[in-house]
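In: sequence and predicted model, in that order:
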Amino acid sequence: MKKLLLGNEALAQGAIDAGISGVYAYPGTPSTEITEYIQRSKTAKELKIHSKWSVNEKTAMEAALGMSYAGKRSMTVMKHVGLNVAADVFMNMSVSGINGGLVVVVADDPSMHSSQNEQDSRYYGKFAMIPILEPSTQQECYEITKYAFELSESLGLPVLIRLVTRLSHSRAGVETGNRTPQKNLKLPSNPTQFQLIPMHARGRYKHLVDIQSDILETSENSYFNEFKKGPNTSIGIIASGITYNYLMENFEGEDCPYPILKVSQYPIPKKPVKQLFNTCKKILVLEDGYPFIEEAISDFLGENRKVIGRLSGDIPRVGELNPDNIANALGFDIIINETIPKVVAGRPPELCVGCGHRDLFDAVNALGKEMGSQQVFGDIGCYALGVLKPYESINTLIDMGASITMAKGAADAGVHPSIAIIGDSTFTHSGMTGLLDAVIENTQITVIISDNSAIAMTGAQDSSASGRLISICKGLGVNEEHLKIITPLHKNLDDNINLIRDEINYKGVSVIISQRPCVQLPKEKKDKLKELKKVTLN
Amino acid sequence: MKTNIILAGVGGQGILTIAAVLDTAALDCNLNIKQSEVHGISQRGGAVQSHVRISDKEIFSDLIPQGKADMIISVEPMELLRYLPYLKEGGHLVTDSNPFINIANYPEMDALYTEIKSQPNSILLDAKKIAKDLGNSRATNIVLLGAASALLPLTDESLKKAIQTLFERKGERIVNKNLEAFEKGKEVAAEIVS
């Protein structure tokens, strides 16, 4: 019987069945459920597949490369902006190549449902000159993952699988197949492969460039790229990944009259694109994310343009695609009978009732009013909702860890008070190094670590920071007299305001750990944290 | 046969339980299914929806096109109205009447109810009270599912079997409470329609 799986879960099952020995990841919407599925899987447990969360995407990807170095299959998973964090190893491991199959899974978030940009990871794949796979259905998520490991080993390169939110978070029945056994430990046969000193790296890079034609051949012969003939050649359509479904939806089970090139493997397959160019008057490119294919196959000067899509304005330039905006591009009528009634008000997300971040914002806002200046540098997590009403406590939200370093730069420029608010898990992800910068110069900033002992936004996963914050801060050199703990509760409001005020006035780095477990945590986890807290305070 | 259903509510209200029952029942009837859902920031008290598509043929899109939904089932009255552009002509609406007020500018209840009642095929019921009277206010979702069941392409047997499967690990009492909630929802909706 078919299993009902999210795109993410189908991919995870595909990885288990491909014989991985480990998955390395940091949570991030829309990618989180991939790793969680493997963490919950009985088979994965029996096979001792590593699945514990990593501290960030860079450490995750490097560990996955280490496992590949040892000859075993490994996978690393992240959201699109997580790949920025891991970009260093990502760009270099395509030069070194791999030993055991290595698959990088990146879930993009067109329309920014839960992200700060809609960057398209296919550019990273092209940048690193490696194959990219882009499934269109849950069934393909499963199959493409198994294929990705074969492809990785046959080319000796990491392979990128690109997902988008709607496929990650949509369920369908999936037929699963056999499982490949895990690989044995087998160290690289070429001793210089992973030694990227310039003299070796040049040779490896030359090799990467030389095999580009082989990589193109794999996509041109790929089972996942399909040319479908059609009688009406007034338009030829290139549909990549999930957009193929939106396209076909418009024909409601009938055959599409136009020739279609369905693309789920890159580099962009040249031969079928040429075939489409030769036979059709116009080419419509459908892709979720940036105009990656459209840009590559368009005429640069736009003088002899026969390609239409996001760049030409026939498809909206931003936001995710759906059956409706594709219907528009095809000139089909959309019959909408009703509009949203005027009485309907917007309902943005908000912090949970009883959340500790709320009480922290109350204290920070009171001080802002009192001091006549409120410059608070925020970070990525639930507390980013402090940007919105009713709190409006936070001035910036850019990337993981930027709160501390931006507060430092602003303080260097003369801003006072300069406050950073960062979550516990974001702090261990990317905040620690920035804090060291501030400690080295003893910059006058106030760092508040809002410690709810969870990676709350993505579903309260375990935080790497739990029980370790004090020792990390001490280890980084924070002055113990300016390393404080508060409990963000309404009854403590005045005490908390007084303590934060003192630290703001201190002419150096202070760190305040505002500590209260996430209300979403199950009771047994909260109890465990209480025990842990007693230990750390002693 | 193809049925497009939009489930609406506020993050944390549990519309995915309804989705799970529909998915399980559809799979059990050997039908194809696609069901998209919302994870991430919106789950924190924001507007959330799930698109459920059930068919005996291949389903392409994970999202329902506008003007093509056969039905909107909502656990909150204002959230029901947010998705009206998706409703096809003659489509059905089923909603709980209890507001979830977590915004300052929540509209007047009368205005909301007037809008809902002006729709030709709407079923507005106090599912929360029905569930509470049955001794399990957490079964509000299942009351609504029962209220919508006559409109679904799935048999009552398959839906009840799915309820059984999904609540099994919570014990027999909870299973029975939910089955009662389903029946009662069905009954109340039949009264409203007649």
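Out: Yes, it's here. Treat the numbers as computed from the prediction; the structure is a model and nothing was measured.

In: around residue 145, count how many other residues there are.
Out: Since you didn't name a chain, this refers to chain A. 27 (other CB atoms under 10 Å in any protein chain shown). Using the backbone N, CA and C atoms, a C-beta is placed for each residue, glycine as well.

In: nope, chain B please
Out: Residue B:145, neighbours per other CB under 10 Å, totals 29.

In: tell me the mean pLDDT for stretch A:56-65?
Out: Here stretch A:56-65 scores 98 as its mean pLDDT.

In: now residue A:148: which helix or strand?
Out: Element membership for residue A:148, per DSSP states H and E: helix A:138-155.

In: find the residue at the geometric middle of chain B.
Out: residue B:73 (3.6 Å; CA atoms, centre = their mean).

In: so who does that one touch?
Out: Going by CB atoms under 8 Å, 6 or more residues apart in numbering or on different chains, residue B:73 touches B:5, B:6, B:7, B:8, B:18, B:94, B:95, B:144, B:145, B:148.

In: my guess is the fifth one meets residue B:139, correct?
Out: No. Counting by CB atoms under 8 Å, residue B:139 is not a contact partner of residue B:18; they are 11.2 Å apart.

In: and those two? which has more neighbours close in?
Out: residue B:139 (29 against 21).

In: longest helix anywhere in chain B?
Out: helix B:172-193 (DSSP state H).

In: find the closest residue to chain A in chain B.
Out: Nearest residue of chain B to chain A: residue B:40, at 3.1 Å (CB to the nearest CB).

In: need the contact list for that residue.
Out: A:29, A:30, A:113, A:114, A:457, A:458 are the contacts of residue B:40 under CB under 8 Å, 6+ apart.

In: if we go to 6 Å?
Out: With contact taken as CB atoms under 6 Å, 6 or more residues apart in numbering or on different chains, residue B:40 is in contact with A:29, A:113, A:114.

In: how near is the residue lying closest to the last one once chain neighbours are set aside to residue A:158?
Out: Ranked by CB to CB, 6 or more residues apart in numbering or on different chains and with sequence neighbours excluded, the top spatial neighbour of residue A:114 is residue B:40, at 3.1 Å. From residue B:40 over to residue A:158 the distance is 27 Å, taken as CB to CB, to the nearest Å.

In: number of residues surrounding the closest residue to chain B within chain A?
Out: Closest contact between chain A and chain B, by CB to the nearest CB, is at residue A:114 (3.1 Å). Residues contacting residue A:114 under the criterion other CB under 10 Å number 20.

In: now do the contacts for it.
Out: A:29, B:40, B:41.

In: closest to residue B:171 out of those residues?
Out: Residue B:171 lies nearest to residue B:40 out of the contacts of residue A:114, by CB to CB, at 31.6 Å.

In: what lines up beside the helix or strand harbouring the residue nearest to the centre of chain B in the sheet?
Out: Per DSSP H and E, residue B:73 falls inside strand B:69-74. Applying DSSP bridges to the sheet, strand B:69-74 is found paired with strand B:2-10 (parallel), strand B:87-96 (parallel).

In: just give me how far whichever helix or strand comes after it sits from the chain centre.
Out: Note on strand B:69-74: by DSSP H and E, the next helix or strand toward the C-terminus is helix B:77-82. In terms of CA atoms, centre = their mean, to the nearest Å, the centre of helix B:77-82 is found 12 Å from the chain centre.

In: now do the same end-to-end measure for stretch B:115-127.
Out: 19 Å (CA to CA, to the nearest Å).

In: not counting its own residues, what contacts it?
Out: Contact with stretch B:115-127 is made by A:341, A:343, B:81, B:92-97, B:140, B:143-144, B:147, B:188-189, B:192, as judged by CB under 6 Å, 6+ apart.

In: could you turn the buried ones of the residues you listed into a PyMOL selection?
Out: Here is the PyMOL command that selects the buried residues among the contacts of stretch B:115-127 (16 or more other CB atoms under 10 Å in any protein chain shown):
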select buried, (chain A and resi 341) or (chain B and resi 81+92+93+94+95+96+97+140+143+144+147+188+189)
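
In: quick check on the residue lying closest to residue A:308 once chain neighbours are set aside: phi, psi?
Out: In space, residue A:308 comes closest to residue A:314 once its chain neighbours are excluded; the distance is 4.3 Å by CB to CB, 6+ apart. The phi and psi values for residue A:314, taken as degrees, to the nearest 10, are phi -70, psi -20.

In: low-confidence ranges, chain B, go.
Out: Within chain B, no stretch has pLDDT under 70.

In: write out the residues of it neighbouring chain A.
Out: Taking CB under 6 Å from any CB of the partner chain as the contact definition, chain B meets chain A at B:23, B:27, B:34-37, B:39-42, B:44-47, B:57, B:60-63, B:65-67, B:78, B:81-82, B:84-85, B:87, B:89, B:103, B:105, B:107, B:111-112, B:115.

In: okay, and which of these map to strands?
Out: Among those, DSSP state E puts B:34, B:35, B:36, B:47, B:87, B:89 in strands.

In: distance of the closest residue in space to the third one that isn't next to it in sequence relative to residue A:370?
Out: Leaving aside its chain neighbours, residue B:36 sits nearest to residue A:170 (3.9 Å; criterion: CB to CB, 6+ apart). Counting by CB to CB, the gap from residue A:170 to residue A:370 is 49 Å.

In: neighbour count: the two, which is higher?
Out: Neighbour count, other CB under 10 Å: between residue A:170 and residue A:370, residue A:170 has more, with 25 against 11.

In: residues in contact with that one?
Out: A:7, B:36, B:62.

In: just residue A:72 next, same as before
Out: Applying CB under 6 Å, 6+ apart, the residues near residue A:72 are A:21, A:100, A:183.

In: show me how to select, in PyMOL, the buried members of these.
Out: Selecting the buried subset of these in PyMOL, with 16+ other CB under 10 Å as the burial test, is done by:
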select buried, chain A and resi 21+100+183
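
In: now do the phi/psi pair for the closest residue to residue B:98 other than its chain neighbours.
Out: Spatial nearest neighbour of residue B:98, excluding adjacent residues (CB to CB, 6+ apart): residue B:128 at 4.7 Å. Taking degrees, to the nearest 10, you get phi -60, psi -40 for the backbone angles of residue B:128.

In: hang on, the earlier thing: what would the contacts of residue A:72 look like in CSV with distance to residue B:121?
Out: As requested, those are exported to CSV (distance: CB to CB, whole Å):
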residue, distance to residue B:121
A:21, 55
A:100, 58
A:183, 58
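
In: and of the contacts of residue A:72, the nearest to residue A:165?
Out: Using CB to CB, the contacts of residue A:72 come closest to residue A:165 at residue A:21, 28.5 Å.

In: near chain B, which residues of chain A are found?
Out: Proximity of chain A to chain B is confined to A:4, A:29, A:113-114, A:166, A:169-173, A:245-246, A:248-249, A:253, A:322-324, A:334-338, A:340-341, A:343-345, A:347-350 under the rule CB under 6 Å from any CB.

In: of those residues, which belong to strands?
Out: A:4, A:170, A:171, A:172, A:173.

In: nearest residue to the fourth one other than its sequence neighbours?
Out: Spelled out, it's residue A:172. Beyond its immediate neighbours in the sequence, the residue positioned closest to residue A:172 (CB to CB, 6+ apart) is residue A:138, lying 4.2 Å away.

In: in this structure the one you found contacts residue A:174, no?
Out: Yes. Counting by CB atoms under 6 Å, residue A:174 is a contact partner of residue A:138 at 5.1 Å.

In: tell me how far the spatially most central residue of chain A lies from residue A:382.
Out: Nearest to the geometric centre of chain A sits residue A:79, at 0.9 Å (CA atoms, centre = their mean). With distances taken as CB to CB, residue A:79 is found 16 Å from residue A:382.

In: then residue B:46?
Out: 12 Å.
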